[in-house]
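Chemist: What shape does this take:
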Amino acid sequence: MESPADPGPIDNSVLNDQDNHVSSAVWDGQERGVLRCHEHTSLLDQWKLTPKQIELVEKAGFRYLRMIPAINFDSALIAALVERWRRETNTFHLPVGEMAITLEDVALLLGLAIDGEPVIGVTNSTPSLLCEKLLGRVPEDLTGGMVKLTWLKEFFSQCPKDASSEEIVHRTRAYLLYLVGSTIFSTTTGNKVPVMYLSLFEDFDKAGEFAWGAAALAFLYRALGNASLKTQSTISGSLTLLQCWSYYRLNVGRPRLNQEPNQGCFPLVLWWKGKQSGSRMRCGIVSYRKALDSLKPSDVEWLPYKDIDRTEIPEDIQNSLTLRSSKTMLICFEKAERHLPDRCLRQFGMLQGIPKDVQRWERKSRAYDHGVDILGKMQSELDEWSMRRLHIVEGDDDDVEEGEYMQWYQKITRKFVGRLTSVETEFKGKVEALNEIANMLDGFSEDGMDSRDRNLLDEVKDIVHKYLIDEVEDSQKKIGTKSTKKRKRKDVAMLDLKMQ
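Modeler: The predicted structure is shown next:
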């Protein structure tokens with residue numbers, strides 16, 4: 001039977017990787033603290049683009065992404081959100097049900113295309129040849145097929161007024177590589193971007209046909225999944241998207257606005273940027289964790305975009321929103337992640353029923369290697385993306401009972417992350433209970449007992465004694481304090497005396 005303090009899942013048919021999840025470590029008292037956040041946007045505004053460069057950047061599909069200024073990350077909030085992310089379902093598991101960052105969020109918050117060709121490519125060129133061809137210059141350090149962002153900025157951020165057409169193109173490609181490498185495809189290396197993305201900017205018109213938003217979401221899903229493992233200490237991907245998604249959706253850690261957001265502010269992350277954000281006292285990860293653990297339906301904005309003036313949304317973005325609830329595969333080179341809107345239907349104004357089981361698939365995780373035919377390795381994922389319009393989830397409200405969904409959800413989810421009591425408090429309670437049992441055993445009179453009863457009593461005492469030793473040693477590992485070691489010696493000695 002489930003313990004009142006057991007966070008679940010009771011049924012692990014959905015969350016089958018709980019032992020590796022960070023919430024298991026937190027439950028055992030092993031705090032990892034905040035995650036190191038890698039999104040390198042602070043120097044983007046130092047790139048000085050000419051009107052011709054801006055024209056090429058917009059043609060490539062990044063008209064709005066380049067407008068987004070650097071954000072101050074709330075690392076504690078991000079870490080608390082990651083503790084709720086489950087890579088088995090690509091959703092946040094919250095007390096109110098599952099929620100996710102969806103294609104709709106990417107389109108409206110970042111202004112990136114969620115429809116188009118998958119962001120994937122094949123190149124038979126080595127990274128150095130690719131840089132020579134498309135940038136006109138090769139960095140000295142290309143370790144692992146990655147180029148330093150600082151190198152790109154040093155050699156390409158200032159375009160001379162008398163630059164040739166070829167040089168303008170080279171510098172614009174360098175900017176685009178820097179842009180995606182510091183935002184939507186930021187890595188945990190801290191200051192590098194894979195050269196493989198450069199091949200996508202050879203032709204600016206073709207670049208504008210890619211579904212950059214779907215790729216950004218695939219990359220973020222993978223980053224969240226990796227960061228949710230207890231062994232990880234960093235997170236990458238578009239943290240601007242993650243943090244602003246939380247601001248729109250959850251009344252946890254949301255900053256105050258100096259004034260009401262202006263209509264016509266697009267992309268929508270600009271509502272939370274720069275001078276519009278009021279000052280606030282930031283919380284620690286434990287406070288955010290408790291807030292998420294106690295989240296109520298009234299703390300959730302299921303439809304945060306419903307009152308936005310749709311005429312202010314660019315036509316191409318507006319038209320693509322038909323795909324916002326497509327149950328499909330998201331692709332970013334070797335990364336393929338499922339978009340599962342059927343698990344968060346309330347975000348699309350539908351009632352939430354029990355979703356179907358998550359279809360198992362092998363996550364592609366091999367590192368990019370020049371000359372590898374990625375297209376040939378991911379045909380099934382590409383086929384799924386090509387059929388995205390055939391799998392738009394519309395819901396069936398006539399047969400939906402949300403009460404049944406919540407009953408099911410309570411069984412398959414991790415209901416909370418933080419302990420109701422600390423590991424040390426729980427340890428004290430167990431030791432006190434064991435001591436009470438020991439006292440009760442001491443109270444039994446052996447008068448009139450036959451040898452069999454005496455042996456049974458001695459056996460029970462031995463079991464209690466062993467359990468206490470095991471409990472103290474286990475708690476010592478979890479708490480790891482000198483006081484615990486002293487307590488271990490004291491408690492074991494006390495029980496030894498009782499058993500004698």
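Chemist: Now do the strands in the stretch 251-400 of the chain.
Modeler: 328-332, 335-339 (DSSP state E, counting those that start in this stretch).
Chemist: tell me the angle of the first one relative to strand 335-339?
Modeler: What it means is strand 328-332. 150 degrees (axes from the mean of the first three to the mean of the last three CA atoms, to 10 degrees).
Chemist: Doesn't Ala163 belong to a strand?
Modeler: No. Ala163: not assigned to a strand; according to DSSP: H, G, I helix; E, B strand; the rest coil it is coil.
Chemist: wait, it sits on Arg171?
Modeler: Yes. Look at Ala163 against Arg171 with CB atoms under 8 Å: they come within range, at 7.2 Å. To be clear about C-beta, it is placed using only N, CA and C from the backbone, and glycine gets the same treatment.
Chemist: For the chain, which residue occupies the most central location?
Modeler: Nearest residue to the geometric centre of the chain (CA atoms, centre = their mean): Leu224, 2.6 Å.
Chemist: Please identify the deepest-packed of the strands of the stretch 251-400 of the chain.
Modeler: strand 328-332 (a mean of 26; mean count of other CB atoms under 10 Å).
Chemist: Just list what that one packs against, helices and strands only.
Modeler: Contact here means 3 or more CB pairs under 8 Å, 6 or more residues apart in numbering; DSSP states H and E; on that basis strand 328-332 packs against helix 212-227, strand 335-339, helix 379-386.
Chemist: Next, format the ones you listed as JSON lines and append mean pLDDT.
Modeler: Below are the helices and strands packed on strand 328-332 laid out as JSON lines (pLDDT from 0 to 100):
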{"stretch": "helix 212-227", "mean pLDDT": "98"}
{"stretch": "strand 335-339", "mean pLDDT": "95"}
{"stretch": "helix 379-386", "mean pLDDT": "94"}
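Chemist: now, of the ones you listed, which is deepest in the fold?
Modeler: Taking mean count of other CB under 10 Å, helix 212-227 is the most buried of those, at a mean of 26.
Chemist: continuing past that one, what's the next helix or strand?
Modeler: strand 234-235 (DSSP states H and E).
Chemist: Show me what that following strand is in contact with.
Modeler: By CB atoms under 8 Å, 6 or more residues apart in numbering, the residues outside strand 234-235 that reach it are Leu35, Arg36, Cys37, His38, Ile78, Val82, Thr188, Ala223, Leu224, Asn226, Ala227.
Chemist: quick one: low-confidence parts of this structure?
Modeler: Where the chain drops to pLDDT under 70, the residues are 1-4, 122-124, 257-264, 273-282, 361-376, 397-398, 420-434, 443, 467-468, 470-500.
Chemist: domain parsing for it?
Modeler: Following automatic domain parsing, the chain resolves into domains at 18-412, 423-499.
Chemist: Distance to Ile10 for the ones you listed - can I get that in JSON lines?
Modeler: Below are the domains of the chain laid out as JSON lines (distance: least, CB to CB, whole Å):
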{"stretch": "domain 18-412", "distance to Ile10": "5"}
{"stretch": "domain 423-499", "distance to Ile10": "20"}
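Chemist: Doesn't Glu140 lie inside a helix?
Modeler: No. Counting by three-state DSSP, one finds Glu140 to be coil, located in no helix.
Chemist: residues in contact with it?
Modeler: Contacts of Glu140 (CB under 8 Å, 6+ apart): none.
Chemist: quick one: His21 and Leu229 touch, right?
Modeler: Yes. Using CB under 8 Å, His21 is in contact with Leu229, at 6.9 Å.
Chemist: Those two: which is more packed in?
Modeler: His21 (21 against 14; other CB atoms under 10 Å).
Chemist: Quick check: closest non-adjacent residue to the more buried one.
Modeler: Spatial nearest neighbour of His21, excluding adjacent residues (CB to CB, 6 or more residues apart in numbering): Ser228 at 5.9 Å.
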